[in-house]
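Visitor: Next one to model:
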Amino acid sequence: MNGATRDWMPSTSAELVRLRGRVLRDIRGWFWERDVTEVDTPALSSGAATDPNITSFAVRNGDTLYYLQTSPEFPMKRLLAAGSGDIYQVCHVFREGEAGTRHNPEFTMLEWYRVGLDMHGMMDDMESLIGAICAGRRRVGRSVRITYRQLMTDVTGLDPFGADEAELAGALDVAGVDLPKGLEGDRDGLLDLVLAALVEPTLDPEQPVFVHDFPASQAALARVRPGTPPVAERFELFLGGMELANGFHELADPGEQQARFERDLARRCADGRTAPPMDRRFLDALRAGLPDCSGVALGLDRLMMFLAGADSIRDVLTFDISRA
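Guide: Next comes the predicted model:
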């Protein structure tokens, strides 16, 4: 025995390596047929994600601090503002501390933007792409579209736009779901947990479910549509018992976007976390003018999990974090 370990071996099988290659070929063919341009943007940025739920990896180049991309969204929108037209990208993204059966600190994202399409047009795009990729590989049912409010009310009996923190926590308690520390007064955090713990398990794993019109407080980078109540023009796709994609009718107002970034940073500071720099070049691109567009980010590894019937993301990665 020479003491060698076998952690040099891939996390996945040769069959799934080949399947991923064929899926990537089909994705590129689908976009080629629609005249959507593939782009390649830097993995390093001087700005970082302000989202309180996401932590960027920081790296140094000499005395300068950069951040690994958690999404290619900001540089892709800079291209859109510069007149690129419809674009897509397949790339690796990085999020510190993300690990589990559906998470790896490094993972693959497919992200694309279509000029002139609203949120419903992007759902049409997503439905078509999923159908093309799954054809002959995995059966999928007919997709359904439902508002966030309707789905949450149907499953839990609570109106997510009216229920207070005590009601949301009570529903979780009745279901035997333990609240993570510090979540008691966090209404959006409680809503996220209700969706993940109580609602997602009720969805048909073989039926694509598009959930749209999220609470305005969960808009992230989406537009908010006025009304009673106002709603974020945002959607998520659920398939295989998990969230696969997150899409927006993109916010183009630089003042509102900066205000959201500032609220994110204030929340991070209140939680005792670092406040990374906002991406000023992205804000400058919005000031120059972002065309009316919608975009969506799809977790390619999770789609591979669905196609392969895998229970863990490590089963579809060539080398998961434990073998990196």
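Visitor: Can you pull out the low-pLDDT segments for this structure?
Guide: The chain contains residues with pLDDT under 70 at 1-3.
Visitor: name the helices or strands packed onto the biggest helix by length in it?
Guide: Secondary structure of the chain per DSSP state H: the longest helix is helix 14-33. Using 3 or more C-beta pairs under 8 Å, 6 or more residues apart in numbering; DSSP states H and E, the elements in contact with helix 14-33 are strand 87-94, helix 119-134, helix 300-308. To be clear about C-beta, it is placed using only N, CA and C from the backbone, and glycine gets the same treatment.
Visitor: So Ile146: helix, strand or coil?
Guide: Following DSSP: H, G, I helix; E, B strand; the rest coil, Ile146 is assigned to strand.
Visitor: That one bridge partners, please.
Guide: On the basis of DSSP bridges, Ile146 is bridged to Val211.
Visitor: burial of it, as a residue count?
Guide: 15 (other C-beta atoms under 10 Å).
Visitor: what's the distance between it and Asp51?
Guide: Shown here: Ile146 relative to Asp51, a distance of 25 Å by C-beta to C-beta, to the nearest Å.
Visitor: Next: Arg18.
Guide: 35 Å.
Visitor: Counting neighbours, what do you get for Ala324?
Guide: Number of residues near Ala324 (other C-beta under 10 Å) recorded here: 12.
Visitor: hang on, isn't it packed against Glu106?
Guide: Yes. Taking contacts as C-beta atoms under 8 Å, Ala324 lies within contact range of Glu106: 7.3 Å.
Visitor: So for Arg18 and Asp51, which residue has more residues nearby?
Guide: Comparing Arg18 with Asp51 by other C-beta under 10 Å, the one with more neighbours is Asp51, at 18 against 10.
Visitor: if we can go back for a sec, how about the helices and strands packed on helix 14-33 in CSV, adding distance to Ala14 and mean neighbour count?
Guide: As requested, those are arranged in CSV below (distance: least, C-beta to C-beta, whole Å; neighbours: other C-beta atoms under 10 Å):
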stretch, distance to Ala14, mean neighbour count
strand 87-94, 21, 19
helix 119-134, 20, 18
helix 300-308, 13, 22
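Visitor: Quick one: the ones you listed as JSON lines, columns for distance to Arg28 too.
Guide: Compiled in JSON lines, those are given as follows (distance: least, C-beta to C-beta, whole Å):
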{"stretch": "strand 87-94", "distance to Arg28": "8"}
{"stretch": "helix 119-134", "distance to Arg28": "11"}
{"stretch": "helix 300-308", "distance to Arg28": "12"}
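Visitor: Which one, of those, ends up nearest to Ala169?
Guide: Each of the helices and strands packed on helix 14-33 has some distance to Ala169 by C-beta to C-beta; the shortest is helix 300-308, at 28.5 Å.
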